[in-house]
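Student: fold the following and give me the result.
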Amino acid sequence: MAKDERLAKIPDSEKITINLGHVDLGQIDLLVADGFYSNRSDFIRTAIRNQIGRHDDVLRRSVERHDLDLGLRRYDRRTLEAAQAAGERLTIQVLGLAVIEGDVTPELARETIASIHVLGALQASPAVKAALAGRIR
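Tutor: Model (predicted):
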């Protein structure tokens, strides 16, 4: 599979479910109907981004303190084999999306990944996730 094909498969967002009161939901619908937002999701994403922006300094310091990689971080067979050859075990800490590619076997993952801490989303095969179950937090 070409690199461009792999990139096309990664969604740029994660679906979540929230519960809202009827009045709050109605107010959102009114703002959408009046053209302030294109839909409910647009309003909710904007509200979340605004709230995160209010805590920008705190978040930046927290990312530094926890030594997190920010954004998308990929781990493929070649990367893990290089770590294995160097006698290293990886501590994966990501704020965003961590992807363990499909070419990584459960055995290779178990031998080379010491721990995984992802704030956001982790994409890996069910077999790799099972092999690392005790190391994922």
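Student: how about the secondary structure of Gln27?
Tutor: helix (DSSP: H, G, I helix; E, B strand; the rest coil).
Student: need the pLDDT of it.
Tutor: pLDDT for Gln27: 98.
Student: and Asp34, by the same measure?
Tutor: Asp34 carries a pLDDT score of 98 in this model.
Student: can you count the residues close to it?
Tutor: With neighbours defined by other C-beta atoms under 10 Å, the count for Asp34 comes to 8. For glycine as for every other residue, the C-beta is placed from the backbone atoms N, C-alpha and C.
Student: who touches it in this structure?
Tutor: When contacts are counted by C-beta atoms under 8 Å, 6 or more residues apart in numbering, Asp34 is found next to no other residue.
Student: any idea how far it lies from Thr17?
Tutor: Using C-beta to C-beta, to the nearest Å, we find Asp34 at a distance of 26 Å from Thr17.
Student: SS state for Leu122?
Tutor: Reducing the assignment to helix, strand or coil with three-state DSSP, the entry for Leu122 is strand.
Student: my guess is it contacts Ala98. True?
Tutor: Yes - the criterion here is C-beta atoms under 8 Å, and Leu122 meets it with Ala98 at 5.0 Å.
Student: can you list residues touching both of these two?
Tutor: Overlap of the contact sets of Leu122 and Ala98 (by C-beta under 8 Å, 6+ apart) consists of Ile116.
Student: for the two, indicate the residue with more neighbours.
Tutor: Neighbour tally, Leu122 and Ala98, criterion other C-beta under 10 Å: the higher count belongs to Ala98, 24 against 17.
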